[in-house]
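A.B. asks: Next comes the sequence, and after it the predicted model I'd like to discuss.
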Amino acid sequence: MRPEIMRYLEGAGFGWIAALVPRPGLMYGIALAVLTVVFLRRAKSFGLDHQRALEIVLSAAVGAVIGTRLFYLITTGDLLRLDFLEWFKLSRGTASWGAYLGGIIGTVLYTGFTRIPVWPYIDTAASVVALGPFVARWSCFLRGDDFGRVTDVSWAVQFPAGSLPHQAHVAAGLLPSTAEASLAVHPFQLYLLVNALVVFLILTAIWRRWRDRPGVTFG
């Protein structure tokens, strides 16, 4: 989808904006940066130690990276099906729930090791975590994964030949392999993006009101 967006912008006379359209993989780095900045600002406003908060970001990030891959290997059965070295060879294969669980485990392990209270940090992290999918789902849209069902709604989108939706529709016999684009589908990635923004706003309100009550925001 990224090349299509760039061509559209260039055709509309916005070539300078087209050059700013990020590559899908970059969106994950941007998501981590946004999460880090907002988390550190909220931790500071809550009176939490800045150095500890930064180290928790690193611990949670490591846990999330490990968790997102491990969760995928477990749920798909690849953990038992593949040889050990093959676990790390596949370029694709992650799961969001693995990132959430891994980030939580990384945070809990760090706070336990350093003997600092876990709830102030994990509640603050919970208040900002939805910003991750809010930013990262743009990567899904640019890449074309997590696409929606075929539809005729006016806001449906089509992905170019070679994209995941196009490949799926060809494999299902819905399109010839020579088709220039997929069938029109729901922009499900954008639905998830909006959902994440709503969740972020709700959790922010909960954290601001009940952040002095351990575990409420996380719960």
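C.D. replies: Structure's in. What do you need? Numbers count the residues shown, from 1 in each chain.
A.B. asks: next helix or strand past the longest helix along the chain?
C.D. replies: Using DSSP state H, we find that the single longest helix of the chain is helix 50-76. The helix or strand immediately downstream of helix 50-76 is helix 78-81, counting by DSSP states H and E.
A.B. asks: in the longest helix of the chain, what counts as buried?
C.D. replies: By neighbour count on 16 or more other C-beta atoms under 10 Å, the buried set for helix 50-76 is 52-53, 56-57, 59-73. Bear in mind the C-beta positions are built from the backbone N, C-alpha and C, glycine included.
A.B. asks: And the average pLDDT for it is what?
C.D. replies: What helix 50-76 shows for mean pLDDT is 90.
A.B. asks: Tell me which other helices or strands that helix touches.
C.D. replies: helix 24-45, helix 78-81, helix 96-114, helix 119-128 (3 or more C-beta pairs under 8 Å, 6 or more residues apart in numbering; DSSP states H and E).
A.B. asks: any chance of the ones you listed in CSV, with mean neighbour count and distance to residue 147 too?
C.D. replies: Shown next, in CSV, are those (neighbours: other C-beta atoms under 10 Å; distance: least, C-beta to C-beta, whole Å):
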stretch, mean neighbour count, distance to residue 147
helix 24-45, 16, 13
helix 78-81, 12, 22
helix 96-114, 18, 16
helix 119-128, 22, 27
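A.B. asks: between those helices, which gets the lowest average pLDDT?
C.D. replies: helix 78-81 (a mean of 75).
A.B. asks: Nearest to residue 146, out of the helices and strands packed on helix 50-76?
C.D. replies: helix 96-114 (9.7 Å; C-beta to C-beta).
A.B. asks: From the contact counts, what lies against the closest one?
C.D. replies: Helix 96-114 packs on helix 50-76, helix 119-128, going by 3+ C-beta pairs under 8 Å, 6+ apart.
A.B. asks: can you list the ones you listed in a markdown table and add distance to residue 32?
C.D. replies: Compiled in a markdown table, the helices and strands packed on helix 96-114 are given as follows (distance: least, C-beta to C-beta, whole Å):
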| stretch | distance to residue 32 |
| --- | --- |
| helix 50-76 | 6 |
| helix 119-128 | 12 |
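A.B. asks: Indicate which one of those helices is closest to residue 172.
C.D. replies: helix 50-76 (20.5 Å).
A.B. asks: How much space separates the residue nearest to residue 125 when sequence neighbours are not counted from residue 120?
C.D. replies: If the residues on either side of it in the chain are set aside, residue 125 comes closest to residue 39, at 6.0 Å by C-beta to C-beta, 6 or more residues apart in numbering. As judged by C-beta to C-beta, to the nearest Å, residue 39 and residue 120 stand 12 Å apart.
A.B. asks: Equivalent analysis for residue 128, please.
C.D. replies: Where residue 120 is concerned, residue 128 sits at a distance of 14 Å (C-beta to C-beta).
A.B. asks: And residue 205, by the same measure?
C.D. replies: 18 Å.
A.B. asks: Just confirm residue 192 contacts residue 135, I think it does.
C.D. replies: No: in terms of C-beta atoms under 8 Å, residue 192 does not count as a neighbour of residue 135; the distance is 11.7 Å.
A.B. asks: Pull the distance from the strand or helix carrying residue 199 to the chain's centre.
C.D. replies: According to DSSP H and E, residue 199 maps onto helix 188-210. From the chain centre to the centre of helix 188-210 is a distance of 13 Å (C-alpha atoms, centre = their mean, to the nearest Å).
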